[in-house]
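Visitor: A predicted structure for the sequence below; I have some questions about it.
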Protein chains: 4
Amino acid sequence: MTARPASAPTRGPLGLWLVGARGAIATTCVFGLDAMAHGRAGTVGLVSELPAFEGLGLAELERFVVGGWEVRDGSLADAGAELAHNGVLSHAIVTAGAEAATDVDARIVPGLAAPGDERASAGARERGALAPRAQVDALIADLAAFRERTGAERVVVVNVASTEPLADASPAGANLAAFEAALDAGELLPPSCLYAYAALRAGCAHVNFTPSAGGTWPALRELAEASGVPQCGSDGKTGETLVKTVLAPLFAHRNLRVLTWQGYNMLGNRDGEVLANPAHKAAKVANKDAALRSLLQGSEGLHTHVGIDYVPSLHDWKTAWDFIHFEGFLGAKMSLQFTWTGSDSALAAPLVLDLARFSELALRDGAAGELAHLACFFKSPMTGGSHDFGAQMAALFHYATTRSAEPATRSH
Amino acid sequence: MTARPASAPTRGPLGLWLVGARGAIATTCVFGLDAMAHGRAGTVGLVSELPAFEGLGLAELERFVVGGWEVRDGSLADAGAELAHNGVLSHAIVTAGAEAATDVDARIVPGLAAPGDERASAGARERGALAPRAQVDALIADLAAFRERTGAERVVVVNVASTEPLADASPAGANLAAFEAALDAGELLPPSCLYAYAALRAGCAHVNFTPSAGGTWPALRELAEASGVPQCGSDGKTGETLVKTVLAPLFAHRNLRVLTWQGYNMLGNRDGEVLANPAHKAAKVANKDAALRSLLQGSEGLHTHVGIDYVPSLHDWKTAWDFIHFEGFLGAKMSLQFTWTGSDSALAAPLVLDLARFSELALRDGAAGELAHLACFFKSPMTGGSHDFGAQMAALFHYATTRSAEPATRSH
Amino acid sequence: MTARPASAPTRGPLGLWLVGARGAIATTCVFGLDAMAHGRAGTVGLVSELPAFEGLGLAELERFVVGGWEVRDGSLADAGAELAHNGVLSHAIVTAGAEAATDVDARIVPGLAAPGDERASAGARERGALAPRAQVDALIADLAAFRERTGAERVVVVNVASTEPLADASPAGANLAAFEAALDAGELLPPSCLYAYAALRAGCAHVNFTPSAGGTWPALRELAEASGVPQCGSDGKTGETLVKTVLAPLFAHRNLRVLTWQGYNMLGNRDGEVLANPAHKAAKVANKDAALRSLLQGSEGLHTHVGIDYVPSLHDWKTAWDFIHFEGFLGAKMSLQFTWTGSDSALAAPLVLDLARFSELALRDGAAGELAHLACFFKSPMTGGSHDFGAQMAALFHYATTRSAEPATRSH
Amino acid sequence: MTARPASAPTRGPLGLWLVGARGAIATTCVFGLDAMAHGRAGTVGLVSELPAFEGLGLAELERFVVGGWEVRDGSLADAGAELAHNGVLSHAIVTAGAEAATDVDARIVPGLAAPGDERASAGARERGALAPRAQVDALIADLAAFRERTGAERVVVVNVASTEPLADASPAGANLAAFEAALDAGELLPPSCLYAYAALRAGCAHVNFTPSAGGTWPALRELAEASGVPQCGSDGKTGETLVKTVLAPLFAHRNLRVLTWQGYNMLGNRDGEVLANPAHKAAKVANKDAALRSLLQGSEGLHTHVGIDYVPSLHDWKTAWDFIHFEGFLGAKMSLQFTWTGSDSALAAPLVLDLARFSELALRDGAAGELAHLACFFKSPMTGGSHDFGAQMAALFHYATTRSAEPATRSH
């Protein structure tokens, strides 16, 4: 008997299908993959490149072929030039990646424009005007075409689009039957759910990197299980919240009482512009605050605030200031404050690639439903559990150890 | 069948013997114990009060009777008034604790003044002038008298004195025989080693909360093992280094390359004054830097700096600014900076009480030598291991789980 | 010829009448005056004590007798104890000032409770329910009684009450006749305007230390001129805005283009609680922003934001973080960020005393209407002019030089 | 009589001769002049472009032709590429400026290498080995050749080289005769003094933008007066010190007592590398501290610290953190902290161009000796006076007003 024949890495192409395929994160992924493939950039920022994951059999990055949905017109070359202008990508990387970008551009097709989105492309508006059932049929057909055209053995769909308005709980989300009925009845459903539905129906792994509803509704969780495909999310933990989830355990472990935690976030990219809209901001703020509150349950009377302000001059360079006021022994009041300055795209893109690799492995292993070991990547992990980043990483390391040790008996 | 009869908490008094017994940390311990005993203060800041340690059988705080060595004249009342003036203790706590402070004052005896220390008390200078063997004999006699006078069943000695100059490695430290020979030969040895020697010889647990040599020399490690008593250290992890050891793993786990980590510390208490002396500062800086370097082994070409400046106006309120410059995906340069403002004494004192409780339990359990599960309390744990605070806490939680589960078969 | 006989300091008592007489600022004034009078505190923080004002003939602080209006029950002793608990005043100062506080308490009478203010005292609610004309008559009678009881030669009324909701422009404010008509017609007018009206009618100087309307309406400006009494305001420039108005000229003078100026303020005292109400916050935010915008007229496309958040754990310790993003030569983007941590009351109280002294001098000199030389004390100076703090101070120094040189020919 | 005929702007070329002509500041000047001349960049950062100086008759920037001395090999193109790589200059500006840079390169000649400087060019080492008198003769000849080659009517020499070690007071500096004697005797003199001597002897205006001795010795002040040429310096006030000299007056004007002012500077360019050497650092630190101490004379017992650390990863992006601890009314302790992040070169270069214009005007006007109105540009103004930046700017505005109003009667 040969060990793990089913999951032995094969050398064929793999698909990475991005929702929001010409956004800043997607653009950084595309130029980054090309730069790494040609030795123009290293792998700093990629969790999957840590020594701990060496024996895990993750797919080589070069195998991923990128395509996706996008609601805007434009080209990756232009998006890359803008990121270079704002100091996120180097001119050298953008210039050298021009050809690869053009190739990906050819695999980007219109997404679903929200009703009334006047900046959307004609194609996306046309799609957005279809009945829901027709929309998902079209999306599924896109994925099939991508597979056929590229020969991708397995496809991972990652949503990196801008945050949707916080959706009210819909009866349509309660179970798969209700969801299908709503599709047929022409009910208005969040695009992120339609993308997730299409991905799961098409046998693709699905990753929700945004705070949008995506695959989180019970209906779509049921679908993932039923389809035997893995999914994970939500809301990539890239910056200020990441710092929060390493600092909050410090206070909890030292039995220090956090009185107040104020977090002020400023960002200036398209994502920031969208979040300037209170309806869109609500989902994000909720995720950022929930993590903190769960980690500081011992701090009686905790006062928290999360602000997100749109500051155009910062472009992609998110800057956050957090002020933590805490009480120590005998009532002594102390404080910790931090300022985080990071490129949102440079922080998010490698995690998207990590998630593509880990999800591809799960798909290869035949995992169905939510992947608990990937909680460390998300502000609001679908599978719940501790928000403590160290504990989440320990879980990922544990997965790596046990998965490497077990003979794989599942295939897909 | 009687479960764990040996380690069942008995109700007799326990001893907490402090080196530097009228320093700011010791003073905070004394007034804090009294305030908690009378319900005037809660247990915020005490790790040992976390729910995870509830079933562990740690001794009640009220059982600890305090005494110690001190090289200065003065009273705990005066030391408390100074801390109240500087906003570390409340006036109410200091006023109400006057009687308890007087009681402890009566149990404080002269320590070993360093040669030429003109601010030392007459008694401490007299002791400092004795031959080393006579010094340790006197110290051992102090501990015996303390036990007898208080009826303390078990005694924990905690060194909270100011940092000594960085001692050169001495042949006397290599093994116990060499150390004893040096004592007899009248060789000059660091006072912290003599205190540790006396404590271990007297069957007391020993905790080195300072960066001084204390019990870290092989000779004294040998003595602890041989005497069957536990010890731990060194250098309480109270503030900026604590934050460092929770933040550094973030960068390592996300495969972000730290380019530079500059840490600037300012403090204004007696400890700060002593550290303004470069010889004394060396030991502290080394500990603070080593933790960081071990956690960031993946960051090639890491540049670090640790500064400690004496700023009298801050008194006990240590303020530190750290600047972390790091590289993300595709060379993007980002930064995190933080400002920590905390009362050194309010942060350290509860940890001293925690260590007294955990060490007393180890002594009760018959543990000999270094206590690996207490690494989370120290900048430079004697037992080595990861500096990652989360991992260190996991080890302490693991100890609690396993120790609680095991029938205790040892007694002391 | 005798020089300046009219303005030679006479030794009789002077009155300082505070609106909000048991608030944190007023309480700090009362205990501070007592502490200075008895040599228990120096004059740090008092602008009027700078050497430049030595020859100006400002009244000695000991001459001021304090009284005022207050809408809450309570005592200055309790208010002082709370400030001591929060580290603004020392226990020593509060304890020693008990008698003086009791004396002042006896001179505090009910103010005008806003309709529906359930936390107001019975007396203040009763007054608040009177018709406007009856209200101002009662207020004027209070001032007359204060003068008579204390023998105060001149009285300065300073409004240090919490910020009122931003009042809509009222036709009643347009001129004095309209205001009087509105009073008689029983029209609802902001209490701050009624206090100002009463003060000016009673021949007292009036200082509006708050962002409330106070004496800023044309009607009240007309009254000040007509009554021949001086007034000044509005909104004491104590903290973050003070820093803004010294930093903004730096950018203007160096021709650096400020792209973004974000200011986040946090405070936790009663003032903060009131400002948590958006209607009350509006006035404050407008003042803070206007100063900045006027100083940075050369920065095209300037983006600004002023946030004020209520953070109870901070009590009186206002903490503000400002982030300034600016463009330098050839488009280089740079930043300055600052964190300000200050006690609101300790910053404001000495300025209130300064304003009492400068206003008393103006009253003595027979100045009528708005005092332009006091612009440096306000976020929104009634007399307009540059917000540049250095330029405003230059104007005050110039006043001191010229006023000292001129023979005073006016008396009051 | 026609007003100001002598100073009417003539259209001929003017010379800007830089010491350290391929350093980061000089490189930014060269590419910046070219970019502005071709409309590729605006004039943000240039003080001389403020509306207040419109009528002053400053020379148009396009008239300046650049040349200079340099001790290293290399090209401006390479220096520009490095600055673009580090985000100081845009790629577009460096690419477009290639031709202009080559032209300037042709006008750069070897400077005086310090003895033992192994990284110096062969030419600079040869020159550095000459006798002092031969050195200055060669330098004077360089300036004459530059004038002749370019037809520059007037030349301003600006020293923007790296900081020299702090020079001991030399008897040679006491007066011009002693200096000339030392030159003839072959005495070792600081290169910055030799450059200044040559400039002044050659009838050029001289600007010392560095903390090196330059023209500050009495001997050279005498020479400037005797030669009838203007000079100014020392040490450009570009970043942290600039902020200090606007913030310190705030505390002085509000009678707040500064207890402690700690300033920590980090920089990573060649200048930073040179300053990592304690001897070189001494001059810089002294200037930074002196300004503060003079502005805070009222703060009794003031404690200050200025640190400069070399942090290679920052390159040209100087980052400074200042912590200001101050006492307010009744002993309340408060703090202000700021973090400054700026490109040293982008901040300095426009000031160099400003100084060239203001110095050229002074030269044209026949001003001899030190220019007091330019104090705002320097950390250590030769003419002394207040370090208050607002007051210094007021002096420059006053100069502009009076100089514009006066008929010019001098010519050069």
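Guide: Everything's here; your move.
Visitor: name the helix or strand of chain A that has the lowest mean pLDDT.
Guide: When each helix and strand of chain A is scored by mean pLDDT, DSSP states H and E, helix A:270-275 comes last, with a mean of 79.
Visitor: any stretches of chain A with poor pLDDT?
Guide: Chain A contains residues with pLDDT under 70 at A:1-10, A:406-412.
Visitor: in it, which spans are strands?
Guide: Using DSSP state E, the strands of chain A run over A:14-19, A:64-70, A:108-110, A:155-159, A:205-208, A:230-233, A:257-267, A:303-310, A:317-327, A:333-343, A:369-370.
Visitor: can you name every helix or strand that the fifth one contacts?
Guide: The one in question is strand A:205-208. Applying 3 or more C-beta pairs under 8 Å, 6 or more residues apart in numbering or on different chains; DSSP states H and E, one finds that strand A:205-208 contacts strand A:155-159, helix A:191-201, strand A:230-233, helix A:344-364. Bear in mind the C-beta positions are built from the backbone N, C-alpha and C, glycine included.
Visitor: next, format these as JSON lines and append mean neighbour count.
Guide: JSON lines is the format used below for the helices and strands packed on strand A:205-208 (neighbours: other C-beta atoms under 10 Å in any protein chain shown):
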{"stretch": "strand A:155-159", "mean neighbour count": "30"}
{"stretch": "helix A:191-201", "mean neighbour count": "26"}
{"stretch": "strand A:230-233", "mean neighbour count": "31"}
{"stretch": "helix A:344-364", "mean neighbour count": "27"}
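Visitor: nearest to chain C, out of the ones you listed?
Guide: Smallest distance to chain C across these (C-beta to the nearest C-beta): 15.9 Å, for helix A:344-364.
Visitor: so A:N265 makes contact with A:H305?
Guide: No: A:N265 is beyond contact range of A:H305, at 11.0 Å (criterion: C-beta atoms under 8 Å).
Visitor: would you agree A:A368 is in contact with A:E222?
Guide: No: using C-beta under 8 Å, A:A368 is not in contact with A:E222, being 11.0 Å away.
Visitor: taking the stretch 1-150 of chain A, what residue is nearest to chain B?
Guide: Counting by C-beta to the nearest C-beta, the stretch 1-150 of chain A gets nearest chain B through A:G45, at 3.5 Å.
Visitor: in CSV, list the strands of chain A along with distance to A:G128.
Guide: As requested, the strands of chain A are exported to CSV (distance: least, C-beta to C-beta, whole Å):
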stretch, distance to A:G128
strand A:14-19, 14
strand A:64-70, 11
strand A:108-110, 9
strand A:155-159, 16
strand A:205-208, 20
strand A:230-233, 23
strand A:257-267, 26
strand A:303-310, 25
strand A:317-327, 29
strand A:333-343, 31
strand A:369-370, 29
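Visitor: what's the spacing between A:A375 and A:H398?
Guide: Spatial separation of A:A375 from A:H398 under the definition C-beta to C-beta, to the nearest Å is 12 Å.
Visitor: in terms of neighbours, single out the busier of those two.
Guide: Neighbour tally, A:A375 and A:H398, criterion other C-beta atoms under 10 Å in any protein chain shown: the higher count belongs to A:A375, 25 against 11.
Visitor: who are the contact partners of the spatially closest residue to that one that is not a sequence neighbour?
Guide: Leaving aside its sequence neighbours, A:A375 sits nearest to A:P381 (C-beta to C-beta, 6 or more residues apart in numbering or on different chains; 3.7 Å). By C-beta atoms under 8 Å, 6 or more residues apart in numbering or on different chains, the contact set of A:P381 is A:C232, A:G233, A:S234, A:A372, A:L374, A:A375, A:H387, A:Q392.
Visitor: same deal with A:A205?
Guide: Listed by C-beta under 8 Å, 6+ apart, the contact partners of A:A205 are A:R154, A:V155, A:V156, A:V157, A:A199, A:V229, A:P230, A:Q231, A:S359, A:E360, A:A362, A:L363.
Visitor: can you add distance to C:R125 and give those residues back as CSV?
Guide: Shown next, in CSV, are the contacts of A:A205 (distance: C-beta to C-beta, whole Å):
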residue, distance to C:R125
A:R154, 74
A:V155, 71
A:V156, 67
A:V157, 64
A:A199, 64
A:V229, 68
A:P230, 65
A:Q231, 61
A:S359, 66
A:E360, 71
A:A362, 68
A:L363, 70
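Visitor: could I get those residues as CSV with distance to chain D?
Guide: Listed next are the contacts of A:A205 as CSV, based on distance: C-beta to the nearest C-beta, whole Å:
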residue, distance to chain D
A:R154, 39
A:V155, 37
A:V156, 34
A:V157, 35
A:A199, 39
A:V229, 43
A:P230, 39
A:Q231, 39
A:S359, 34
A:E360, 35
A:A362, 37
A:L363, 39
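Visitor: centre of the chain versus stretch A:217-224, how much separation?
Guide: Put simply, stretch A:217-224 sits 18 Å off its chain's centre (C-alpha atoms, centre = their mean, to the nearest Å).
Visitor: residues in contact with that stretch?
Guide: A:170, A:172-176, A:178-179, A:193, A:196-197, A:200-201, A:206, A:214-215, A:230-231, A:368-370, A:382.
Visitor: could you dump that stretch to CSV, C-alpha only?
Guide: What follows is stretch A:217-224, C-alpha atoms only, in CSV (Å, rounded to 0.1, in the frame of the first residue of the first chain):
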residue,chain,number,x,y,z
TRP,A,217,-25.8,31.8,5.9
PRO,A,218,-27.0,28.4,7.1
ALA,A,219,-28.3,27.8,3.6
LEU,A,220,-24.8,28.0,2.1
ARG,A,221,-23.2,26.1,4.9
GLU,A,222,-25.7,23.3,4.2
LEU,A,223,-24.7,23.5,0.5
ALA,A,224,-21.0,23.3,1.3
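Visitor: quick one: distance of the least confident helix or strand of chain A to the chain centre.
Guide: Relative to the mean C-alpha coordinate of its chain, helix A:270-275 is positioned 16 Å out (C-alpha atoms, centre = their mean).
Visitor: list the buried ones in that helix?
Guide: A:D271, A:G272, A:V274, A:L275 (16 or more other C-beta atoms under 10 Å in any protein chain shown).
Visitor: name the nearest of those residues relative to chain D.
Guide: Checking the buried residues of helix A:270-275 against chain D by C-beta to the nearest C-beta gives A:G272 as the nearest, at 20.3 Å.
Visitor: pretty sure that closest one contacts A:V311?
Guide: Yes: at 7.1 Å, A:G272 and A:V311 qualify as touching, with contact defined as C-beta under 8 Å.
Visitor: need the overlap of contacts for those two.
Guide: A:M266.
Visitor: please report the distance of the residue located most distally from the centre of chain A from A:Q231.
Guide: Most distant from the centre of chain A: A:L330, at 43.2 Å, with distances by C-alpha atoms, centre = their mean. As defined by C-beta to C-beta, A:L330 lies at a distance of 49 Å from A:Q231.
Visitor: how about A:I140?
Guide: Going from A:I140 to A:Q231 by C-beta to C-beta gives 16 Å.
Visitor: same check on A:V66?
Guide: Using C-beta to C-beta, A:V66 is found at 19 Å from A:Q231.
Visitor: same check on A:L46?
Guide: If you go by C-beta to C-beta, the gap between A:L46 and A:Q231 works out to 21 Å.
Visitor: and chain A, which of its residues are near chain C?
Guide: Proximity of chain A to chain C is confined to A:259-260, A:262, A:264, A:266, A:303, A:305, A:307, A:309, A:311-314, A:319, A:321, A:323, A:325, A:333, A:337, A:339 under the rule C-beta under 8 Å from any C-beta of the partner chain.
Visitor: go again with 6 Å.
Guide: Within chain A, the positions near chain C by C-beta under 6 Å from any C-beta of the partner chain are A:L259, A:T260, A:Y264, A:H305, A:D309, A:V311, A:S313, A:W321, A:H325.
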